[in-house]
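A.B. asks: Show me the folded form of this:
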Amino acid sequence: MFPELTIIRHLFTVLHARWETLRADPDAGYSTEAVIVTALLAALALTAVGIIVAKVVSAANNISTSNP
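C.D. replies: From the prediction side, this is the model:
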(Lines give C-alpha, C1' and ligand atoms only; values in the text may rest on other atoms or scores of the structure.)
Protein backbone atom coordinates (compact mmCIF):
# COMPACT_ATOMS: atom_id res chain seq x y z
CA MET A 1 0.00 0.00 0.00
CA PHE A 2 1.10 3.55 -0.67
CA PRO A 3 2.35 5.50 2.36
CA GLU A 4 0.05 8.43 1.51
CA LEU A 5 -2.99 6.18 1.67
CA THR A 6 -1.88 4.84 5.04
CA ILE A 7 -1.79 8.38 6.45
CA ILE A 8 -5.20 9.20 4.99
CA ARG A 9 -6.65 5.95 6.34
CA HIS A 10 -5.28 6.78 9.80
CA LEU A 11 -6.78 10.28 9.64
CA PHE A 12 -10.18 8.87 8.72
CA THR A 13 -9.94 6.35 11.56
CA VAL A 14 -9.21 9.13 14.06
CA LEU A 15 -11.97 11.31 12.60
CA HIS A 16 -14.45 8.43 12.82
CA ALA A 17 -13.52 7.77 16.45
CA ARG A 18 -14.00 11.43 17.36
CA TRP A 19 -17.29 11.54 15.49
CA GLU A 20 -18.58 8.51 17.39
CA THR A 21 -17.54 10.14 20.68
CA LEU A 22 -19.51 13.28 19.81
CA ARG A 23 -22.54 11.25 18.78
CA ALA A 24 -22.48 9.47 22.13
CA ASP A 25 -22.84 12.83 23.95
CA PRO A 26 -24.91 15.25 21.83
CA ASP A 27 -24.33 18.19 24.21
CA ALA A 28 -20.56 18.00 23.72
CA GLY A 29 -20.63 20.19 20.59
CA TYR A 30 -22.68 22.99 22.14
CA SER A 31 -19.67 25.06 23.16
CA THR A 32 -18.30 24.99 19.61
CA GLU A 33 -21.66 26.14 18.27
CA ALA A 34 -21.81 28.95 20.81
CA VAL A 35 -18.29 30.10 19.91
CA ILE A 36 -19.10 30.17 16.19
CA VAL A 37 -22.35 32.10 16.71
CA THR A 38 -20.61 34.57 19.02
CA ALA A 39 -17.81 35.09 16.50
CA LEU A 40 -20.33 35.75 13.71
CA LEU A 41 -22.25 38.23 15.85
CA ALA A 42 -19.01 40.02 16.77
CA ALA A 43 -18.04 40.23 13.09
CA LEU A 44 -21.45 41.68 12.22
CA ALA A 45 -21.17 44.21 15.03
CA LEU A 46 -17.72 45.32 13.86
CA THR A 47 -19.03 45.67 10.31
CA ALA A 48 -21.96 47.78 11.49
CA VAL A 49 -19.67 50.02 13.56
CA GLY A 50 -17.34 50.41 10.58
CA ILE A 51 -20.20 51.47 8.32
CA ILE A 52 -21.52 53.96 10.89
CA VAL A 53 -18.07 55.46 11.46
CA ALA A 54 -17.51 55.82 7.71
CA LYS A 55 -20.83 57.64 7.28
CA VAL A 56 -20.21 59.95 10.25
CA VAL A 57 -16.71 60.83 9.03
CA SER A 58 -18.05 61.45 5.53
CA ALA A 59 -20.78 63.73 6.88
CA ALA A 60 -18.27 65.56 9.09
CA ASN A 61 -15.97 66.16 6.14
CA ASN A 62 -18.84 67.71 4.16
CA ILE A 63 -19.49 70.40 6.79
CA SER A 64 -18.53 73.78 5.44
CA THR A 65 -16.43 75.87 7.85
CA SER A 66 -15.96 78.96 5.67
CA ASN A 67 -17.95 82.13 6.20
CA PRO A 68 -20.09 83.17 3.20
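A.B. asks: Helices of this protein, start to end?
C.D. replies: 3-24, 30-61 (DSSP state H).
A.B. asks: With respect to Asn67, which of the ones you listed lies nearest?
C.D. replies: Closest to Asn67 of the helices of the chain, according to Cβ to Cβ: helix 30-61, at 18.5 Å. C-beta here means a position set from N, CA and C on the backbone, and glycine is covered the same way.
A.B. asks: looking at the helices of the chain, which one has the lowest mean pLDDT?
C.D. replies: Among the helices of the chain, helix 3-24 carries the lowest mean pLDDT, a mean of 84.
A.B. asks: For Ile7, the count of nearby residues, please.
C.D. replies: Counted by other Cβ atoms under 10 Å, the residues lying close to Ile7 total 10.
A.B. asks: Now do it against Leu22, distance only.
C.D. replies: 23 Å (Cβ to Cβ, to the nearest Å).
A.B. asks: picking that back up, export the helices of the chain to TSV and append columns for distance to Asn67.
C.D. replies: As requested, these are exported to TSV (distance: least, Cβ to Cβ, whole Å):
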stretch	distance to Asn67
helix 3-24	70
helix 30-61	18
